[in-house]
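Q: Below are the sequence and a predicted model for it; my questions follow.
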Amino acid sequence: MRAFNYRVLLTPEPEGGFTVTVPTLPGCITYGETVDECIANAKEAIELYIESLEADGENVPTEEGVLEYNVTLVA
């Protein structure tokens, strides 16, 4: 069994809850009302995404070697 680590971004929605995206997996998007629900839904979405890639014989993107920075601009 392999282990995959992915960053997930939770964006608050005006009507409540969060949209969840996985930057390394384009189109891997889900939703949750709470942070815990978001994480559970993200895990399921990522698993299904990877299964689909593998079924199609495609490479599974990883975040190996990815550097992450936050940049603050004051304008």
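A: Arrived safely, thanks for sending.

Q: Please count neighbours and contacts with C-alpha atoms only from this point.
A: OK.

Q: how much space between the closest residue in space to Phe4 that isn't next to it in sequence and Leu10?
A: If you skip the residues right next to it in sequence, Phe4 has Thr62 as its closest partner in space, 7.2 Å away by CA to CA, 6 or more residues apart in numbering. Distance of Thr62 to Leu10, given as CA to CA, to the nearest Å: 19 Å.

Q: of the two, who's got more company?
A: Leu10 (20 against 12; other CA atoms under 10 Å).

Q: Spatially nearest residue to that one, not counting backbone neighbours?
A: Spatially, and ignoring its direct neighbours in sequence, Leu10 is nearest to Val20 (4.7 Å; CA to CA, 6+ apart).

Q: Hmm, Thr21 and Leu10 touching each other?
A: Yes: between Leu10 and Thr21 a contact is recorded at 6.8 Å, counting by CA atoms under 8 Å.

Q: and Ile39, how many neighbours?
A: Ile39, neighbours per other CA under 10 Å, totals 18.

Q: So it: helix, strand or coil?
A: helix (DSSP: H, G, I helix; E, B strand; the rest coil).

Q: Any idea what Thr30 is bridged to?
A: Val20 (DSSP bridges).

Q: contacting residues for it?
A: Thr30 makes contact with Thr19, Val20, Thr21, Cys38, Asn41, Ala42, Ala45, according to CA atoms under 8 Å, 6 or more residues apart in numbering.
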